[in-house]
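K.L.:
Give me the fold of what follows.
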Amino acid sequence: MSEAPRRKPRFNHVAMTVPAELLNEANRAEILDFYGEVFGWTEMPTLTEDGTRLVLRAYDNEQFVFLVSGKQAMRAGAMDHFGLSVASPEELDAMYERALKYQERDERVEIVPREVEDFKVVKLHNFYVRFRIPLMVEIQCYEWAGTANADSLPA
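P.N.:
Predicted coordinates:
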């Protein structure tokens with residue numbers, strides 16, 4: 001009997017402890033509106049508990065952002081973040097434009113402008129954004145040189 005094919009392990013969620021008031025109905029609605037509009041994330045409503053928990057579904061049921069209330073909320077540095085990889089510069093630009101547009105109507109949106117870092121074997125396109133939660137989200141797109149790709153090992 002052959003073994004079933006396995007997928008490589010992957011990151012599936014990030015969890016942050018936040019103040020309980022951030023998870024009240026009005027604040028949850030703001031969080032859902034921003035992350036829904038900019039990234040397309042949705043609420044996992046069966047997991048929501050007023051003042052206690054909000055789970056944002058990030059594209060499928062095995063990728064999510066878990067916000068939970070606690071006595072001591074997470075404190076993060078200005079650039080502490082988690083990353084989101086997109087397939088193309090165009091997809092990154094679309095998210096960036098949505099974030100900028102949202103920032104026009106809500107000054108609480110924090111954005112570190114889009115840039116491209118050239119590491120020779122790969123150009124990293126990225127920007128950072130945060131709204132109401134402790135960690136920023138870095139959105140990245142990789143532009144590989146030559147035959148290099150995400151599965152390449154350093155020479």
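K.L.:
who are the neighbours in contact with the residue nearest the centre of the chain?
P.N.:
Central residue of the chain (Cα atoms, centre = their mean): residue 137, 4.4 Å from the mean position. Applying Cβ atoms under 8 Å, 6 or more residues apart in numbering, we find residue 137 in contact with 39, 81-84, 128-130. (Glycine included, C-beta is placed from N, CA and C.)
K.L.:
Buried among these? Make that a ChimeraX selection.
P.N.:
This is how ChimeraX selects the buried members of the contacts of residue 137, with burial counted by 16 or more other Cβ atoms under 10 Å:
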select :39,81,84,128,129,130
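K.L.:
Tell me what the residue nearest to the centre of the chain is bridged to.
P.N.:
Residue 137 has these beta-bridge partners by DSSP bridges: residue 82, residue 129.
K.L.:
cool, and the one 5 residues further on?
P.N.:
Taking DSSP bridges as the rule, residue 142 bridges to residue 124.
K.L.:
just checking, it touches residue 126?
P.N.:
No: using Cβ atoms under 8 Å, residue 142 is not in contact with residue 126; the gap is 9.7 Å.
K.L.:
Just the element for residue 117, please.
P.N.:
Element membership for residue 117 (DSSP states H and E) is strand 110-118.
K.L.:
and that strand, which residues are buried?
P.N.:
By 16+ other Cβ under 10 Å, the buried positions in strand 110-118 come out as 111, 114.
K.L.:
Give the other helices and strands that it contacts.
P.N.:
helix 89-105, strand 122-130, strand 136-144 (3 or more Cβ pairs under 8 Å, 6 or more residues apart in numbering; DSSP states H and E).
K.L.:
Mean pLDDT and distance to residue 53 added to the ones you listed, as CSV?
P.N.:
Shown next, in CSV, are these (pLDDT from 0 to 100; distance: least, Cβ to Cβ, whole Å):
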stretch, mean pLDDT, distance to residue 53
helix 89-105, 98, 24
strand 122-130, 97, 20
strand 136-144, 96, 19
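K.L.:
Any idea which of those gets closest to residue 18?
P.N.:
Closest to residue 18 of the helices and strands packed on strand 110-118 is strand 122-130 (Cβ to Cβ; 12.6 Å).
K.L.:
If I take the closest one and strand 110-118, what angle do their directions form?
P.N.:
Strand 122-130 and strand 110-118 are oriented at 180 degrees to each other (axes from the mean of the first three to the mean of the last three Cα atoms, to 10 degrees).
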